[in-house]
Structure formats: C-alpha cells, structure tokens
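1. Fold the stuff below for me.
(chains A and B, ligands or ions: 2)
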Amino acid sequence: MNYSLIISVSKSLLIAKWKQTLIAAIGVMIAIAMFIALLSFMTGLNIMLDGLILNRTAHIRLFKEIKPNPVQPADNYFGSGHNFISSLKSNTARTEIYNNAAISKALQNDNRVAGSTERITTQAFISYGVIDINAVVNGIDVAKEAALFSFNDYIVKGNPADLNNIPNTIILGKALAERMTVNTGDVIQATSVAGIRYQLKVVGLFQSGINDFDKVQCYASIITTQKLLNKPENYITDIGVRLKDMSMAPAMAKEYMQIFETDAEDIQSANAQFETGSRVRSVISYSVGIVLLLVAGFGIYNILNMMIYEKMDSIAIMKATGFSARDVRWVFMGISMGIGIFGGIAGLIFGFVFSNVIDQIPFHTSALPTITTFPVNYDLRFYIIGISFSLITTYFAGWIPSRKAGKVDPVIIIRGK
Amino acid sequence: MESSKQNIILEAKNITKYFYDPVKVKVLNDISFAIKRSEFVSIIGKSGCGKSTLLYVLSTMDSDYEGDLFIDGENMRGRKEKFLANIRNEKIGFVFQFHYLLKEFNVLHNVMLPALKLNLKSKEAIELDALNKLDMLGIKNLAVKKPNQLSGGEKQRVAIARAMINDPLIIMCDEPTGNLDKKNSSIVFDIFKRLSTEQGQALLVVTHDPQFAEDTNRIIEMEDGRIIRQ
Ligand SMILES: Nc1ncnc2c1ncn2[C@@H]1O[C@H](COP(=O)(O)OP(=O)(O)OP(=O)(O)O)[C@@H](O)[C@H]1O
Ligand SMILES: [Mg+2]
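-> Ligands and ions are numbered 1, 2, ... in the order given. Modelled structure (predicted):
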C-alpha cells in the first residue's frame, strides 16, 4: 500500500472540509486539555494531602506499648495450659526501647531503610503566666527529622536548628502558642510527669495543618527531654523508620516486631483512610477524562459519517480509478487519525497551559503554611496517556465510518447522477 | 491463431445480467465479443438498452453478472475486490457518462491520481506525463485550476486525460463527447484515433453520435440487452 498517497489524499479531504475538521479537532483538544489539567490538579492535590500525613509520618514506628506482660508469673508457676487470671493490670513501668543503639545500628545496615531517627514522646504541663496546658513533648533529633520527615516545612516561625544549638529550648505548636499567647523568644515552664520543672525558651512555632495536633504538640531536643524526665542518655521511647519503598512497611513492621522485640506500627494500618481518599480522587479524574474523550470520539464519528455522505462522488471516482476498499478505508482512517493527532497535540499544549494557570491561582490556607497556590503535579505520564487516548479514541471513532466508505459501490453512485 | 489470441485484450463470453428491483429484468442477454489491441470500437443503441450497464461490467466495477470476462487473458470472475481494483488502475481507463472529478484536487492532481496510485514512476515523471496528456487535449493551461472552475466540456477532457495517464490497455468511455461541441468532439476523436494507432491501445466508446460511430473501426449495436450487430 502506498501510504504517502493515502496520507496526501486524507490531507486534501481534511483541508477541503477544514471547518468541520477544526470543530472535531477542537472537541478532541478540549477533552485532552481538560483531562491533563484535571489530572495534574487532582494528583497535585493528592500529593499535597498525602504529604500532610505521609511525608512526616514514619513508615514504621517502633515503640513499646503499654500493655499487660504476656508472660505472667502464674504461667511460670503452673506451667503450660490455660491459666485464668482476673484483674490483670498493665505494666507501665518501662515504656522505653531497650538497646535502642543496637536497633538503630541494625536499621542503618538494612538497605531497605532510607533512614531512621530516635524520639522520646512524653506528657508535660506547659505553663506561661497562670495558664497550665497539658501537652505532648517530642524529643527529636532536628537534623534527622528534617531530612527524613520534612520537619522544617512546618516551622512557620523561628529557626528549627536552634533546638540543637541553644540548650533548653522548645518549639510549640502554633495553636498551642496562640492559646497561651506565647511568641518566640518568650520563656515557658515545662513540668514533666516525673515532677521536674524546666524553664524553656520558645525558639519556633510549628504548624502541621491539623489544628488538633498543633494544639498539643511541642518539640524539644532529645537531651532536653531526657533531662525533663530525669532519664539517662540512652532513654528512647520511639524509633521512626523511613523506608525506600513505603509499600513494604506492613511486612517489615512484622519482621521488626520479632527481631527487635518491640511493637511496630506501619503507616498503612495507622493511616488507612488516606490511601482510599487518593484513590477515589484519581478514579474521578480518570473517569471524567474518559467521558470527555468519549464525547469527542462521538463528535468525530458523526463528522466522519457526514463527510462520507458528502464525499460519495470522490469515493466512487477513487474506486473506479483503482483504489481498493482498503485504500479508501485508510483514507478515512487517515482523516480520523489526523483529527486525533492535531487535536491531541493541541490538547497537550492547552493542557499544559491550563495546568499553569491553575498553578498561578493563589491558594492560602492556615492548614498548609508552605502552600501559596493551587498544587499542580506536572507528570509526563498524563501527557503520554492523553495523546495515546486521543489516538485510540479517534482510531475507533473512524473505524465504522471508514468501513462504510470502503464498502461504497461506485456503480450505484455513478448511476445516481 | 496463437498471435491473434494474444492480441485480444478484452473478451466477453456469454455475459448475462439481471436487475431485480422492482422486478427481475434481464438487462444484458448473452453478450459475447472480443476487442483486440489497437481496435477502436463504438457501442450504439437506444437509450436504456444496457450500454452503460455493459460498460460497468466490462470495467470490473460491477461484478454481479453471469458469464466470463477476460481482460489481458485473465478471467475476472470471482476475483477479490483488491485484484479488480488493481486491474482497473493498471489496465483500464474509464471516462464516465457524467464527468467526474475530485473537487478537492486541481486538474493536474486529478489526472495524476491513478498514476500515483499505480506508483511505478516518480512524482516528477508522473507530473510531466499528466501535463503531456493535458497538452494533447489542448487544456494544459487549465492544469492548476480547480474542477469547479471548468466548463462541462473542459471537465470531460480532464476526465479523458485521467483515463489515459497509466497508458491502459483499454479505455472505456460512456458518451465522452456528450458535452462537447463539434470542434472539441473531433479533437477527442482524433486523440482516440492516435491512441489506438500510435500506442496500440484499444478503445471502447459508447456514443449516440452516429458520425462519431461511423468513423470507428467497428460498431457494436445493442437492443434490449443483446448485441444485434457487430
Ligand atoms: N439499479 C438498477 N435497477 C433496476 N434497473 C436498472 C438499474 N440501473 C439501470 N436499470 C435499467 O437498466 C436498463 C439499462 O440501463 P443503462 O443505464 O445501461 O442504459 P443505457 O443504454 O446506458 O442508456 P443511456 O443511453 O440513456 O445512457 C434501463 O432500462 C434502466 O432503467
Ligand atoms: Mg448510459
């Protein structure tokens, strides 16, 4: 088959009916552009919302749960079998992770792990003037938290590094600071559950985007927290692990639970609802995009059908002069695909432009301090899917009309004159 | 005997065709004849006697008939659509009763199209050929015009040039001079004559013009779907 001839004939027919083909191409263009803009925006939103939780949550958290000892003295005394013990109390004495240094070292050597950081979580009273508020103090290694869990992104005031550089300092949740009317530079008093008081200077404010969280959270260095609890230097209650591949978290959590003899919680079971949210948004965007393309496809189908009625004479002449049914079919497929290619490419360009426009729209929310405009995710994949979709739809939209054109009987047309 | 058989370009053997709508009618009744190289044959007959119908059958566009049709020694019956299309492209030139041009293309491109489809020569060579054919018909100056800018007679000559472009074995025409005045009609006649004598092409021309028919090598006269004289 002589493709260059087929293409040149398609082109001539396209140009001869340029108004109709333009309308069809605009249909495809709008569909593809909307598809790309929608997906870029929706996934941008997804990434942002997921980031709200996922980025700063450890993929696996190692800790020591407060619960009754699984091995009770009665078990040792009576041996195996079932022992019924009533009024069993939990053992609160030790919430720390023993030999955390060894665990940290083992994590460092595990090549599935991107990094891990040690933490202490404890309750404390924060007082300023006459106000006492119960809060959670997190002892953290600021540099590691920043590297692994984007800690610095959520600091709205002050310099997080001061936590390490200046002794006896604290970063307060913004909502907590507002409740107490504390600002950076002020000195508050923290009283631990161990009854120890410390004067701590506020060096920064923290805003996570979740107000309830910000009302109770504070951050201090690990040493400061240990002092507050009157604990030795190796006292750690949590280890946050960030994995290279988040999807491995549930399996690895089980594994760590056995090896390290601690509790381990993976991010999936801790935040199951987030996964569902993102999936629903993706499904919506894809369905809307596909519906738009279907509509455009029907537009092309209609226009091609009309065009075939108008081009009956031309089809008859082509067949009489030696074009086979297959040649004629491909001429019309060429028209359809031409609409798909040009509409698709224009759609890619406009999709990019639309995404850019969305990207410029100001979007301020107290929940997200680092976001100033609508989030847009520029992903090459959407553009590839978009152009493939446009080609596939126009291919199928052209299929039936092209077959019809191929079947035209020249004798009937010529007689009809 | 052998050589005369090789010279036969088109042969119809007992071709019979029916139309079923609205009632079964025998439009072609046991038509048999042969056309040799260089032969200039005309078909005459009253309106409605089946001349056009016969031409559609002979040109392979209509394959719904009984009997056998040989073109260049090959039987056309039961052949695939694509095979017949190639035969039309390469071996048959056709001029319709009503001139038919592609309105999306200019005159030159219309003439070139069958040759581009045949794809044996370069585009430049085809263009040169096409200009030559147009020149032969005295319409070279119209090459870049669109069909809708031409008169009826001019269109007819463009259609003839298109039928000539692939130097087919046989050119079939359905009243090619129907739209032409005396002068242009004789130009077309002279060209057909030259094609048959100089290039050895066969011509099969349906005409209502007795003068035109008289001057051809052979006249086939039809009546009610059969040949009454040849
Ligand atoms: N599709 C059809 N169905 C039924 N009858 C048909 C059909 N096409 C043509 N006919 C009839 O077949 C007969 C032959 O028609 P044809 O066109 O071959 O005549 P013709 O000899 O070319 O006439 P003219 O000189 O007027 O062109 C006519 O009587 C016509 O009415
Ligand atoms: Mg006729």
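2. What are the contacting residues of stretch B:208-228?
-> B:26-33, B:39-47, B:49-51, B:54, B:175, B:177-178, B:185, B:189, B:193, B:196, B:203, B:205, B:207, B:229-230 (Cβ atoms under 8 Å, 6 or more residues apart in numbering or on different chains). The way it works is simple: take the backbone N, C-alpha and C, and place the C-beta from them, glycine included.
3. what's the neighbour count on the residue in the stretch 301-417 of chain A that ligand 1 sits nearest to?
-> The nearest approach of the stretch 301-417 of chain A to ligand 1 comes at A:Arg415, 5.6 Å away (Cβ to the nearest ligand atom). A:Arg415 has 14 neighbours, counted by other Cβ atoms under 10 Å in any protein chain shown.
4. got a list of what it touches?
-> Per Cβ under 8 Å, 6+ apart, neighbours of A:Arg415: B:Ser52.
5. Need phi/psi at it.
-> Taking degrees, to the nearest 10, you get phi -70, psi -30 for the backbone angles of A:Arg415.
6. what's the spacing between it and B:Arg77?
-> 22 Å (Cβ to Cβ, to the nearest Å).
7. Ok, A:Val202 next?
-> 100 Å.
8. Quick one: the strands in the chain, in order.
-> All of this refers to chain A. For chain A, strands defined by DSSP state E occupy the ranges A:60-63, A:113-128, A:131-140, A:155-158, A:169-173, A:187-192, A:197-206, A:217-221, A:238-243, A:263-266.
9. wrong one, chain B
-> Under DSSP E, chain B gives strands at B:8-19, B:25-36, B:40-45, B:66-71, B:74-75, B:92-95, B:170-174, B:202-206, B:218-223, B:226-229.
10. so who does the residue nearest to B:Lys51 when sequence neighbours are not counted touch?
-> Spatial nearest neighbour of B:Lys51, chain neighbours left out: B:Val206 (4.6 Å); criterion: Cβ to Cβ, 6 or more residues apart in numbering or on different chains. If you count contacts by Cβ under 8 Å, 6+ apart, B:Val206 has them with B:42-44, B:51-52, B:55, B:97, B:173-175.
11. Whatever residue of chain A ends up closest to chain B: what's it in contact with?
-> Proximity of chain A to chain B (Cβ to the nearest Cβ) peaks at A:Gly322, 2.3 Å away. Going by Cβ under 8 Å, 6+ apart, A:Gly322 touches B:85-86, B:88-90, B:114, B:117-118.
12. residue ranges with poor pLDDT in chain B?
-> Filtered on pLDDT under 70, chain B yields the residue ranges B:1-6, B:97, B:99.
13. Give me the contacts around the longest helix seen in it.
-> Longest helix of chain B, by residue count under DSSP state H: helix B:182-198. The set of residues external to helix B:182-198 that reach it, using Cβ under 8 Å, 6+ apart, is B:38-40, B:136-138, B:153, B:156-157, B:160, B:164, B:171, B:176-177, B:180, B:201-203, B:205, B:209, B:212, B:215, B:217.
14. How about the residues of chain B by ligand 1?
-> Residues of chain B found near ligand 1 (Cβ under 6 Å from any ligand atom) are B:19, B:21, B:27, B:45, B:47-53.
15. right, and A:Gly299 touches A:Ala25 too?
-> No - with contact defined as Cβ atoms under 8 Å, A:Gly299 does not count as touching A:Ala25 (9.7 Å).
16. the more surrounded of the two?
-> Applying other Cβ under 10 Å to A:Gly299 and A:Ala25 shows that A:Ala25 carries more neighbours, namely 28 against 20.
17. Could you measure from A:Thr122 over to A:Tyr235?
-> Taken as Cβ to Cβ, the span from A:Thr122 to A:Tyr235 is 10 Å.
18. quick one: which of those two has more around it?
-> Using other Cβ under 10 Å as the criterion, A:Thr122 and A:Tyr235 rank with A:Thr122 on top: 22 against 19.
19. Just the pLDDT for that one.
-> Looking at A:Thr122, its pLDDT stands at 89.
20. Could you give the number of residues near the spatially closest residue to A:Gln217 that is not a sequence neighbour?
-> Among residues not flanking A:Gln217 along the chain, A:Gly173 sits closest, at 4.4 Å (Cβ to Cβ, 6+ apart). By other Cβ under 10 Å, 25 other residues sit near A:Gly173.
21. and what of the one 10 residues further on?
-> A count of nearby residues for A:Asn183, using other Cβ under 10 Å, gives 13.
22. before we move on, what about the one 4 residues further on?
-> Residue crowding around A:Val187 was assessed by other Cβ under 10 Å; the count is 13.
23. go on, A:Gln189?
-> By other Cβ under 10 Å, neighbour count at A:Gln189 equals 15.
24. cool, A:Gln199 as well?
-> Neighbours of A:Gln199 (other Cβ under 10 Å): 9.
25. Identify the bridge partners of it.
-> When assigned by DSSP bridges, A:Gln199 has beta-bridge partners A:Gln189.
26. mind listing what it touches?
-> A:168, A:187-189.
27. between these, which is nearest ligand 1?
-> A:Ile188 (100.2 Å).
28. The closest one reaches A:Val182, doesn't it?
-> Yes - contact status for A:Ile188 versus A:Val182: in contact at 6.0 Å, counting by Cβ under 8 Å.
29. Not counting sequence-adjacent ones, nearest residue to residue 127?
-> I went with chain A, as the question did not name one. Leaving aside its sequence neighbours, A:Ser127 sits nearest to A:Gln189 (Cβ to Cβ, 6+ apart; 4.6 Å).
30. Chain B is the one I meant
-> B:Met112 (6.3 Å).
31. what does B:Asn86 give?
-> Here the residue nearest B:Asn86, using Cβ to Cβ, 6+ apart, is A:Gly322, at 6.6 Å.
32. coming back round to it: what distance do you get for the residue nearest to A:Ser127 to A:Ile26?
-> The separation that A:Gln189 has from A:Ile26, given Cβ to Cβ, amounts to 68 Å.
33. can you check A:Leu163 too?
-> Where A:Ile26 is concerned, A:Leu163 sits at a distance of 57 Å (Cβ to Cβ).
34. Who has more neighbours out of these two?
-> A:Leu163 (27 against 17).
35. Pretty sure the more buried one sits against A:Val203.
-> Yes - here A:Leu163 reaches A:Val203: they are 6.4 Å apart, a contact under Cβ under 8 Å.
36. Relative to A:Ile188, how far out is A:Gly139?
-> Between A:Gly139 and A:Ile188 the computed distance is 16 Å (Cβ to Cβ).
37. closest point of chain B to chain A, which residue?
-> Closest point on chain B to chain A, by Cβ to the nearest Cβ, is B:Asn89, at 2.3 Å.
38. from what I can see that residue touches A:Thr321, true?
-> Yes - in this structure, B:Asn89 is within contact of A:Thr321 by Cβ under 8 Å, at 6.6 Å.
39. For chain A, which element, helix or strand, carries the lowest mean pLDDT?
-> The weakest-scoring helix or strand in chain A, judged by mean pLDDT, DSSP states H and E, is helix A:73-78 (a mean of 72).
40. for that helix, the distance to its chain's centre please.
-> Centroid displacement of helix A:73-78 relative to its chain, using Cα atoms, centre = their mean, to the nearest Å, is 50 Å.
41. which residues are contacting it?
-> A:83, A:85.
42. before we move on, the earlier item: now pLDDT and distance to A:Asn377 too, for the contacts of A:Gln199, in CSV please.
-> Compiled in CSV, the contacts of A:Gln199 are given as follows (pLDDT from 0 to 100; distance: Cβ to Cβ, whole Å):
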residue, pLDDT, distance to A:Asn377
A:Asn168, 90, 42
A:Val187, 92, 43
A:Ile188, 92, 40
A:Gln189, 92, 45
